[in-house]
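Enquirer: Here you go, sequence then predicted model.
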Amino acid sequence: MTTDQPRRWIRDFWASADPSPAGRLLGAALAPPELIFRLAVSARSAWHNRASEPATAIPVVSVGNLTAGGTGKTPVVRWLGDWLRGAGTRTAIVTRGYGSDERALYRRWFGAGAVFSGRDREGSVRAAADLGFALALVDDGFQHRRLGRALDILLVAAEDPMRARLMPRGPYREPLSAAARATHILLTRRGPRGGRRQAWRRNISLVAPGVHLMDVDLVMGGWHDLREEPAASPRGDVLALCSVARPRSFLQGLRRLLPDAAIELVAYADHHPYSRRDVSAILGRLGGRTLVCTEKDAVKLSAFPELAPHCAVIGFGVAAEPPRPLRRALEEVAGGSCASRS
């Protein structure tokens, strides 16, 4: 079962290497608006290339991507934020606040006082500095070039389509050549065989030959309940629920974790705000199965206590430390506070 069907269909169209006749017709129809968008992006980029980068009150580390979601920004921001805080650097999380689930997750992970959200990200960085934070970690900042940054970390998903078609014809917000302005590129991958890393390495080396390129694996693991208490792995069959950019990756990950379970997927559009009507429909479909959801979904579903007895939440993140080139760059940006972790 899927809901929010139009948005899901367009994401399938974006991801398809061999679209259907209807998809090819849609692609042709979207070519002119893609060209207009490409020209606008090019003009904006040229303006920023001429402008001087503004100074910030505290160092800024930006984490962003080229596509419309699905590269793992939220778990990567948590990974970097946890590492920086563990190294003794008082780190603020700055987010535009699009999608209440991400804002709620950051508050859960880092504390409400460390999360600054709103459209004015320059103002958020100033507010963090005024409260004594030493560094701002900015979620989805790659295109926000009015904000100066010490490090510009670009995420590229190995599952992303190799042909960089711009919106609305494809998921790209900028052409692949924009990767050249990153300081570090993380090639993310879900699962042991996800995506085309070798092909991506070749592509990135052509457009950004001087940029540090590193592999990062995003892994599923660690069960808990809607109250954030540790929980056992579910037994029996599963109704999998998500409102993320890559629902099929979520399903594939669950199949690896629960190989003996029959799993039915209920996929809503990314950042879907669950309603009581949604919850009633979900409960009506359970039929004695365990409801499994992502952490992004759990922060919204926790508002419905009737789900608590039936729900298991699976974690998603980066297991390893930041690779050495990135770790050294973070140490330099944060000053001497990170030296003990190298």
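Expert: Nice, I can see it.
Enquirer: Least confident secondary structure element in this structure?
Expert: In the chain, no helix or strand scores lower on mean pLDDT, DSSP states H and E than helix 5-15, which sits at a mean of 68.
Enquirer: elements contacting the next helix or strand along the chain from that helix?
Expert: Heading C-terminal from helix 5-15, the first helix or strand you meet, by DSSP states H and E, is helix 21-50. Contacts defined by 3 or more Cβ pairs under 8 Å, 6 or more residues apart in numbering; DSSP states H and E place helix 21-50 against helix 5-15. In short, each C-beta sits where N, CA and C put it, glycine included.
Enquirer: quick one: the helices in the stretch 151-300 of the chain?
Expert: Under the criterion DSSP state H, counting those that start in this stretch, helices of the stretch 151-300 of the chain are mapped to 197-207, 247-257, 276-286, 295-301.
Enquirer: average model confidence for the first one?
Expert: Taken as a whole, helix 197-207 has an average pLDDT of 95.
Enquirer: Verify the contact between Arg255 and Glu264 for me.
Expert: No - using Cβ atoms under 8 Å, Arg255 makes no contact with Glu264, being 11.7 Å away.
Enquirer: List the contacts of Arg197.
Expert: By Cβ atoms under 8 Å, 6 or more residues apart in numbering, the contact set of Arg197 is 158, 187, 189, 215.
Enquirer: circling back: among the helices of the stretch 151-300 of the chain, which is the most enclosed?
Expert: Each of those was scored by mean neighbour count; the highest is helix 295-301, a mean of 23, by mean count of other Cβ atoms under 10 Å.
Enquirer: name the helices or strands packed onto the very next helix or strand once past that helix?
Expert: Next helix or strand after helix 295-301 toward the C-terminus (DSSP H and E): strand 311-318. Using 3+ Cβ pairs under 8 Å, 6+ apart as the contact test, the elements touching strand 311-318 are helix 73-86, strand 212-224, helix 247-257, strand 290-294, helix 295-301.
Enquirer: Return the mean pLDDT over the helix or strand that the first one is followed by, rounded to an integer.
Expert: Under the assignment DSSP H and E, the closest C-terminal helix or strand after helix 73-86 is strand 91-95. For strand 91-95, the mean pLDDT works out to 97.
Enquirer: So, low pLDDT: which residues of the stretch 1-150 of the chain?
Expert: For the stretch 1-150 of the chain, residues meeting the criterion pLDDT under 70 lie at 1-9, 16-18, 98-99.
Enquirer: domain parsing for the protein?
Expert: As recorded under automatic domain parsing, the domains making up the chain are 60-217+320-341, 221-318.
Enquirer: nearest to Gly23, of those?
Expert: Among those, domain 60-217+320-341 comes nearest to Gly23, with 10.9 Å by Cβ to Cβ.
Enquirer: Got the phi and psi for the closest residue to Leu154 other than its chain neighbours?
Expert: Once flanking residues are discounted, Leu154 sits nearest to Ala182: 3.8 Å by Cβ to Cβ, 6 or more residues apart in numbering. For Ala182, the backbone dihedrals (degrees, to the nearest 10) come out as phi -70, psi 150.
Enquirer: can you pull the contacts of Ala182?
Expert: 142, 152-154, 208, 211 are the contacts of Ala182 under Cβ under 8 Å, 6+ apart.
Enquirer: who wins for neighbours among the residues you listed?
Expert: Counting neighbours by other Cβ atoms under 10 Å, Ile153 leads those with 29 neighbours.
Enquirer: From Thr183, how far out is that residue?
Expert: Using Cβ to Cβ, to the nearest Å, one gets 7 Å for the distance from Ile153 to Thr183.
Enquirer: Likewise for Leu176?
Expert: From Leu176 to Thr183 the distance is 17 Å (Cβ to Cβ).
Enquirer: just Cys311 next, same as before
Expert: Distance, Cys311 to Thr183, using Cβ to Cβ: 40 Å.
Enquirer: ok, now Gly132?
Expert: Taking Cβ to Cβ, one finds Gly132 at 26 Å from Thr183.
Enquirer: now Leu206
Expert: For Leu206, the distance to Thr183 (Cβ to Cβ) stands at 18 Å.
Enquirer: Outside of the helix or strand that Pro325 is a member of itself, which residues are in contact with it?
Expert: For Pro325, the element it lies in under DSSP H and E is helix 324-334. Residues from elsewhere that reach helix 324-334, judged by Cβ under 8 Å, 6+ apart: 59, 61, 80, 83-84, 87, 89, 134-135, 150-151, 153, 183-184, 186, 212, 214, 321-322, 338-339, 341-342.
Enquirer: Pull it out as PDB, backbone CA atoms only.
Expert: Extracted in PDB, the C-alpha atoms of helix 324-334 (Å, rounded to 0.1, in the frame of the first residue of the first chain):
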ATOM      1  CA  ARG A 324      40.800  10.700   8.900                       C
ATOM      2  CA  PRO A 325      40.800  13.500   6.300                       C
ATOM      3  CA  LEU A 326      37.400  14.800   7.600                       C
ATOM      4  CA  ARG A 327      38.400  14.200  11.200                       C
ATOM      5  CA  ARG A 328      41.500  16.300  10.900                       C
ATOM      6  CA  ALA A 329      39.500  19.100   9.200                       C
ATOM      7  CA  LEU A 330      37.000  19.100  12.000                       C
ATOM      8  CA  GLU A 331      39.800  19.200  14.500                       C
ATOM      9  CA  GLU A 332      41.300  22.300  12.800                       C
ATOM     10  CA  VAL A 333      38.000  24.100  12.600                       C
ATOM     11  CA  ALA A 334      37.100  23.300  16.200                       C
END
